[in-house]
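Visitor: compute the structure for the input listed below.
(2 chains)
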Protein chains: 2
Amino acid sequence: MVGVQSIPSPAITADERSHEVDHPSSHVAQFGSEQPLRLDCGVDLSPFQIAYQTYGELNADRSNAILICHALTGDQHVANVHPVTGKPGWWETLVGPGRPLDPNEYFIICSNVIGGCMGSTGPASINPATGKVWGLDFPVITIPDMVRAQAMLIDRLGIDTLFAVVGGSMGGMQVLQWTAAYPSRVFSALAIACSTRHSAQNIAFHELGRQAVMADPDWHHGGYADRGIHPHRGLAVARMAAHITYLSDAALHRKFGRRMQDRELPTFSFDADFQVESYLRYQGSSFVERFDANSYLYLTRAMDYFDIAADHGGVLAKAFAGIQTRFCVVSFTSDWLFPTSESRALVHALNASSARVSFAEIETDRGHDAFLLDVPEFLDISRAFLQSAGKARGLTANNA
Amino acid sequence: MVGVQSIPSPAITADERSHEVDHPSSHVAQFGSEQPLRLDCGVDLSPFQIAYQTYGELNADRSNAILICHALTGDQHVANVHPVTGKPGWWETLVGPGRPLDPNEYFIICSNVIGGCMGSTGPASINPATGKVWGLDFPVITIPDMVRAQAMLIDRLGIDTLFAVVGGSMGGMQVLQWTAAYPSRVFSALAIACSTRHSAQNIAFHELGRQAVMADPDWHHGGYADRGIHPHRGLAVARMAAHITYLSDAALHRKFGRRMQDRELPTFSFDADFQVESYLRYQGSSFVERFDANSYLYLTRAMDYFDIAADHGGVLAKAFAGIQTRFCVVSFTSDWLFPTSESRALVHALNASSARVSFAEIETDRGHDAFLLDVPEFLDISRAFLQSAGKARGLTANNA
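Guide: Residues are numbered from 1 along each chain as shown, chains lettered A, B, ... in the order given. Below you'll find the model as predicted:
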């Protein structure tokens, strides 16, 4: 290994490590009353904690750190077996030895967002003022709040400038917010299948999901935890709705078409006759085992509120004025949740800001989910972009 | 008036008219044990009844009858004030004096589909065998079943051949089924914003809606009526999901964009901050006042099962072999629920059957709902098609 050395995460105390009991495979950084998280809603959240995973090692220059920002229902377990589901990490197509984000080259960090439910403080955490679960008393958080908390974590890890910030969907929104809020701390940015603001249709689908959760009597206006229950049914319906938006019509047709489930003729009942019905039901029921319903409300709300231009007088280009960050923007032809037109609008704004930006629209019928799948062209572009940025950054590949 | 005379609906008895107490503005045709409705699931449904509206008068030749087939959440109240909601008829853009379907020229019939909840027999009706509401004991019905029941009504009205069958969405499916099942009884067919079978994505959205209904504890496996309750919350969520699919992304953007509701800044809460949220909530809550949850399950199921080609060895053209009916197929550019590609496939099959067919794809950003709206090009095409078919049929316009 050249130019790379292992360093301990300096700011993580033994006390913090004790929290790993709850989330055995994650580190937890705690922020006490002297370091509140100032939220957009006006509340100072304190204390709070951030659960995170790292892969690889920080080099001596502290110049090879990549922050991965996860999507709505993702978490910090990017490239390791998930402690709850036992499934592989959610982005092992992109992250891992020999992959575009190789832990042999980069120090890769992924933290659970604030408001999440995999170890970072969120509505399912204990409110220290009451000793009870926050529920809906948890303050509404925003994408900028998530990024502000991540910046505090990056500070804690002793990293000044991130080599790259990478994410898709809600993760891509965080990437863009990082570059707008901390332009000097982001050397390169890979923003995938995202936009700078939610469309009315995006908001509508999220509102549908929230209404499904809130319609479940077990939700109890967010107070289900005290009753030892969880609005499984409503959350499953919300997940089904979202899942349809993650796939293209063509992908659903190819995967399922009108094929029946283990039979040729309809049952003339409300059983899952069609394979696509069975698939959706499974998506709903498996999701509720690993996700908190209130977190779902908070994170969808954060995405709906997100609007970079609105914070800059309605002019998107102003958000990126004078920025030195190298951008790579990626969209997928069949993504109807974040269509290419959204990425083009972003690229135009970046061009207007004289930012360095490359843009790739990738031909695939796999819909929004393509960013999580083994789509070779996407993986190749990601690798090439990071390698090029790495040269500019003076990084030397370990395995060169 | 030339060539037109008023005739009473000959087969409607005084007993049948007494049922109008429940549905004051509709006629009700009853079919006793001697006339069961043979359903695709193998059940003979008997007795059953069909509630219907008529506008205009049948001419002496009985050659000017138009049957309108309603969509999923429509009913027979096409062109009169709705008895429950007090709102105008759902297709007053198309039907009415001076409109393309003018009651001064045509005898216009619209019946509530079997399985519906506005007076025709459906899951909310009383099961004569038990004296209780059918609920899920009601047999699963199909689009062909709906059309078979309509044919019995048309027989009852003494009409041999319909001048036209007209419908959009689920109504369009019935139009196509009419031509496939009773080609000699349909002189012309206007099929709008529909397809010959549901795609996997269509099925997925319907399954989402069904799961939302079934997730509501007030549903009680369909047995809510006996308990004097109704799964309002689940049905409202189902309606919200469906409603998103009826509008295009562009239409939602134009109508609502990201505009806030009576304010400029977010509330940082889960209130309906955005106008589109408030709109969706209203769509959900107003729908449940007029629609039965079990009917929603049955009718969505019927649409999912529909597949004309499947009944003809998988070859769509065979369904229309040798057909003399004049077809007009209409699609809308921004309809992503029944995209133009579906209409083109239908037109290709009709061409392969040497059927007379005209096809119009209408440029609009209003999505699937365009067929219900004041879209002049669509209305002009409908008028021209019916006038042309009327000449071929030897109809003379009253107002000529």
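
Visitor: and the gap between the residue minimising distance to the centre of chain A and residue B:170?
Guide: Note on chain A: the residue nearest the mean C-alpha position is residue A:70, at 1.8 Å, using CA atoms, centre = their mean. Distance check for residue A:70 against residue B:170: by CB to CB, to the nearest Å, it reads 40 Å. (C-beta placed from N, C-alpha, C; glycine too.)

Visitor: and if you look at residue A:151?
Guide: Taking CB to CB, one finds residue A:151 at 52 Å from residue B:170.

Visitor: those two - which one has more neighbours?
Guide: Per other CB atoms under 10 Å in any protein chain shown, whichever of residue A:151 and residue B:170 has more neighbours is residue B:170, with 23 against 17.

Visitor: would you map the helices across the stretch 1-150 of chain A?
Guide: Taking DSSP state H, counting those that start in this stretch as the criterion, the stretch 1-150 of chain A carries its helices at A:14-18, A:143-156.

Visitor: so residue A:231 touches residue A:224, yeah?
Guide: Yes - in this structure, residue A:231 is within contact of residue A:224 by CB atoms under 8 Å, at 6.0 Å.

Visitor: which helix or strand contains residue A:194?
Guide: If you go by DSSP states H and E, residue A:194 is not part of any helix or strand.

Visitor: how about the nearest residue to residue A:318, chain neighbours excluded?
Guide: Among residues not flanking residue A:318 along the chain, residue A:312 sits closest, at 4.0 Å (CB to CB, 6 or more residues apart in numbering or on different chains).

Visitor: now do the end-to-end distance for stretch A:271-278.
Guide: 9 Å (CA to CA, to the nearest Å).

Visitor: does residue A:189 sit in a helix, a strand or a coil?
Guide: strand (DSSP: H, G, I helix; E, B strand; the rest coil).

Visitor: for it, report the pLDDT, please.
Guide: Residue A:189 carries a pLDDT value of 98.

Visitor: now do residue A:298
Guide: Listed pLDDT for residue A:298 reads 98.

Visitor: do the same with residue A:311
Guide: If you check residue A:311, the pLDDT there is 87.

Visitor: okay, and the helix or strand of chain A with the least pLDDT?
Guide: helix A:14-18 (a mean of 39; mean pLDDT, DSSP states H and E).

Visitor: show me what from the stretch 251-400 of chain A comes close to chain B.
Guide: For the stretch 251-400 of chain A, the residues in contact with chain B (CB under 8 Å from any CB of the partner chain) are A:252-253, A:255-258, A:266, A:268-270, A:272, A:274, A:276-277, A:280-281, A:284, A:297, A:301, A:304-305, A:307, A:336, A:339.

Visitor: in PyMOL, how would I select the buried members of these?
Guide: Command for PyMOL that selects the buried part of these, burial taken from 16 or more other CB atoms under 10 Å in any protein chain shown:
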select buried, chain A and resi 252+253+256+258+266+268+270+272+274+276+277+280+284+297+301+304+305+307+336+339
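
Visitor: which parts of chain A belong to which domain?
Guide: A:14-198+A:306-393, A:202-300 (automatic domain parsing).

Visitor: could you pull out the strands for chain A?
Guide: Along chain A, the segments classed as strands by DSSP state E run A:27-31, A:37-38, A:44-45, A:48-55, A:65-69, A:107-111, A:126-127, A:132-133, A:162-168, A:186-192, A:326-332, A:356-362.

Visitor: now tell me what touches the lengthiest helix in chain A from outside.
Guide: Looking across chain A with DSSP state H, the single longest helix is helix A:376-393. Residues outside helix A:376-393 that contact it (CB atoms under 8 Å, 6 or more residues apart in numbering or on different chains) are A:63-64, A:66, A:93-94, A:99-101, A:105-106, A:163-164, A:166, A:187-188, A:190, A:192, A:326, A:328, A:330, A:332, A:358, A:360, A:362-364, A:370-371, A:397.

Visitor: hang on, the earlier thing: most tightly surrounded among the helices of the stretch 1-150 of chain A?
Guide: helix A:143-156 (a mean of 22; mean count of other CB atoms under 10 Å in any protein chain shown).
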